[in-house]
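Enquirer: Please find the sequence and the predicted model below.
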Amino acid sequence: MKATKLIVAASLALGLGALPAQAQISRVFVSVNGNDLNDCLQPGSACRTLNGGIAKVDTNGEVIVIDTGSFAGATITKGVKINVPSGAIAFSASSVVVNAPAATVVIRGLTLKAFTPGSGIGIDIQAAGTVLVENVVLDGWTSGIVVQSGAGAVKLDIKDSTMRNNSGAGVYVSGAGAAVSIDQSRFERNLIWGLQVDVAAKVSVSRSFFAGNLNGIEAQVAGAVVDVSRSTISGSTHNGLLVQGGLIRVAESLITGNETGLLRLSGTIESYLDNIVRGNTMNTSGTVTTVTRQ
Amino acid sequence: MLYQKRRIFLVGALVLSAGLSEAQVHRTFVSVTGNDFNSCLTPAAACRTINAAIAIVDANGEVIVTTTGSYAGALITKSVRINAPSGIVAFAALPITINAPAANVAIRGFTIKAATPGSGVGITVTDVANLLLESMVVDGWGTGVEVNAASKISISDSIFRNNTLRAGIEFNAAASASVVKSQFENNERGILIDTGAAATVTASRSSFTGSTVNGFSVFGGGGVFAADRCLIANNGNQGIFLSAGSLVRLSGSSITGNVTGVSTLGTFETFGTSGIRGNTTNVSGTLTAVALQ
């Protein structure tokens, strides 16, 4: 019933052509030809920037980018979905900051590239309930995506995304209790880590590709748990998988061409005896604990 | 391992929104309706060609293609990303040459196709530190990509087809390359590590099919090819050809329908997880079994 009322209301509003007084704004549009003084309710009257769109849309509303262009960064302080179709490049040389306690935020389809290589954070998660990152490119930042220590037990999903040329980590997890899932993503040429887990948090990585990072994946402290499955970790200048504390489990993965394939300094590396660990200068260093498949 | 990791993350996200009048040009736009005399700073004032947009953008900047069209080739001499979205065809019938020592280059979403089928080289890597090729189509050249430097190369979601003189990708230097989710179809060879080139190529979830000669060839000593979850099928001679002194690691893959599945004079390691069946001759030479870990 509510939906029906909304549709009727929307139809009436469209008929009248005047929308500023409309109470609910479920979606706004952003275009390189837009203007933040527009109402942003239609593609023909789109906003110019992501922040312009975010400010206008209701909490949990959708900000839809309709064409290729540069859209500045974003500061997200409420639940919102940013949606860029695969046919457009929504570029930003400024960061996306998420500071939206308990909110659900979706970031889809942005190309985020640091204005000055090796500076700033691409997606800076300071507080949120859930953040979903889909089909995003993060290039040339200090770190591509960071779950800050103050963000705590945020849930972060990263899918179909590329983290490259960042001077620190592609993805850096520092929020205690965070639950991070990474699927079908690539971590390439990050200067220190593809993925670093520096806190007691649970991170799973599947069907992903790590190439040419200094270290592919690192679990740094006790309580950090990283599950790696069906992934490729190659060409790390130092280590493919590195455990200095906590636990990395690795299954059905290819680990090759690294200086050291699996390096355990402290903590635990668990293997299901179904990995290819071969062609590294040193394949394993430190104890690898084997676990039987069930 | 003992890096100053915390400090680098405290370098804040203080990058301010950049106005269009900034002296620094961190991205330029290219359109089929553009003009190289434009500023190229907005889609409405786009360049017409890739080379013009590269010339205007700063080192490490981004060149963004906005519309379907033909954009000539490119000569890349600095760090740059060239980015064409999946919804358009950014076409070039002229080659791309990369001669950018120590630079980082990424090319995403281009269709490059030889003006004369079977001739020329699509992308020539003369020198670069890192090259990322993403969502590319490289079609109809003599050689699709020729790597002449010890670069680090990542290739993903790309198609190399109908490169009929040499190979989809030919390595002539000690490069290290990763290939993921890519297809090599109807080339003379899918990938060729040429004589004397100690290149290391890791391919996963990719296919090497229908080559007139080999799916994958490693000539001479020092080359390494690791194939994981790959399909190597229906090639006119060998699926994988390996010379003495070179190394192949094969896992989770299927080699089928070739005249000879595997022909090896070098070290050919298998993990007991691949199928080499249905070739006229499945294996010529010795396979070395290696345990999983």
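Expert: Yep, that arrived. Values in this document were obtained by computation on a predicted structure and should not be read as measured data.
Enquirer: For the residue nearest to residue A:150 when sequence neighbours are not counted, which three-state class applies?
Expert: The shortest distance from residue A:150 to any non-neighbouring residue, by Cβ to Cβ, 6 or more residues apart in numbering or on different chains, is to residue A:126 (6.0 Å). All C-beta atoms are positioned from the backbone trio N, CA, C, and that covers glycine. Assigned state for residue A:126: strand (three-state reduction, DSSP: H, G, I helix; E, B strand; the rest coil).
Enquirer: got a list of what residue A:126 touches?
Expert: By Cβ atoms under 8 Å, 6 or more residues apart in numbering or on different chains, the residues touching residue A:126 are A:97, A:98, A:99, A:148, A:150, A:151.
Enquirer: what's the last one in contact with, if anything?
Expert: Applying Cβ under 8 Å, 6+ apart, one finds that residue A:151 lies in contact with A:125, A:126, A:127, A:128, A:174, A:175, A:178.
Enquirer: from the residues you listed, which is closest to residue B:140?
Expert: Proximity of these to residue B:140, judged by Cβ to Cβ, is greatest for residue A:125, which lies at 45.0 Å.
Enquirer: and stretch B:215-228, C-alpha only, in CSV?
Expert: Taking Å, rounded to 0.1, in the frame of the first residue of the first chain, the C-alpha atoms of stretch B:215-228 are listed here in CSV:
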residue,chain,number,x,y,z
GLY,B,215,49.0,-22.8,-27.2
PHE,B,216,52.1,-21.9,-25.2
SER,B,217,55.7,-22.1,-26.3
VAL,B,218,58.8,-21.7,-24.2
PHE,B,219,61.9,-21.7,-26.3
GLY,B,220,65.5,-21.8,-25.1
GLY,B,221,66.6,-21.7,-21.5
GLY,B,222,65.3,-19.9,-18.5
GLY,B,223,61.7,-19.4,-19.4
VAL,B,224,59.1,-20.3,-16.8
PHE,B,225,55.4,-20.9,-17.4
ALA,B,226,53.0,-21.6,-14.6
ALA,B,227,49.4,-22.5,-15.7
ASP,B,228,46.7,-22.9,-13.1
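Enquirer: hmm, which helix or strand of chain A has the shakiest average pLDDT?
Expert: Among the helical and strand segments of chain A, the one scoring lowest on mean pLDDT, DSSP states H and E is helix A:2-16, with a mean of 44.
Enquirer: Following that one in sequence, what is the next regular element?
Expert: strand A:27-30 (DSSP states H and E).
Enquirer: quick one: average pLDDT of that following strand?
Expert: Mean pLDDT, strand A:27-30: 96.
Enquirer: residues making contact with the following helix or strand past it?
Expert: Counting by DSSP H and E, the next helix or strand C-terminal to strand A:27-30 is helix A:50-56. Here helix A:50-56 makes contact (Cβ under 8 Å, 6+ apart) with A:25, A:28-30, A:34, A:36, A:39-40, A:46-47, A:63, A:65, A:71-76, A:78, A:80, A:82, A:90, A:92, A:96.
Enquirer: same check, this time on stretch A:276-287
Expert: For stretch A:276-287, contacts defined as Cβ under 8 Å, 6+ apart pick out A:240, A:243, A:253-265, A:269, A:271, B:200, B:224, B:226, B:228, B:247, B:249, B:251, B:269, B:271, B:290, B:292-293.
Enquirer: Include pLDDT and distance to residue B:135 when you put the contacts of residue A:151 into TSV, please.
Expert: Converted to TSV, these look like this (pLDDT from 0 to 100; distance: Cβ to Cβ, whole Å):
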residue	pLDDT	distance to residue B:135
A:125	98	27
A:126	98	32
A:127	98	34
A:128	98	30
A:174	97	32
A:175	97	32
A:178	97	30
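Enquirer: Pull the most distant pair out of these.
Expert: Farthest pair in the contacts of residue A:151 (Cβ to Cβ) is A:128 and A:174. Separation: 13.9 Å.
Enquirer: residues in contact with residue 103?
Expert: Assuming you mean chain A. When contacts are counted by Cβ under 8 Å, 6+ apart, residue A:103 touches A:59, A:60, A:76, A:78, A:79, A:80, A:128, A:129, A:130.
Enquirer: ah, I was thinking of chain B
Expert: Going by Cβ under 8 Å, 6+ apart, residue B:103 touches B:59, B:76, B:77, B:78, B:79, B:80, B:128, B:129, B:130.
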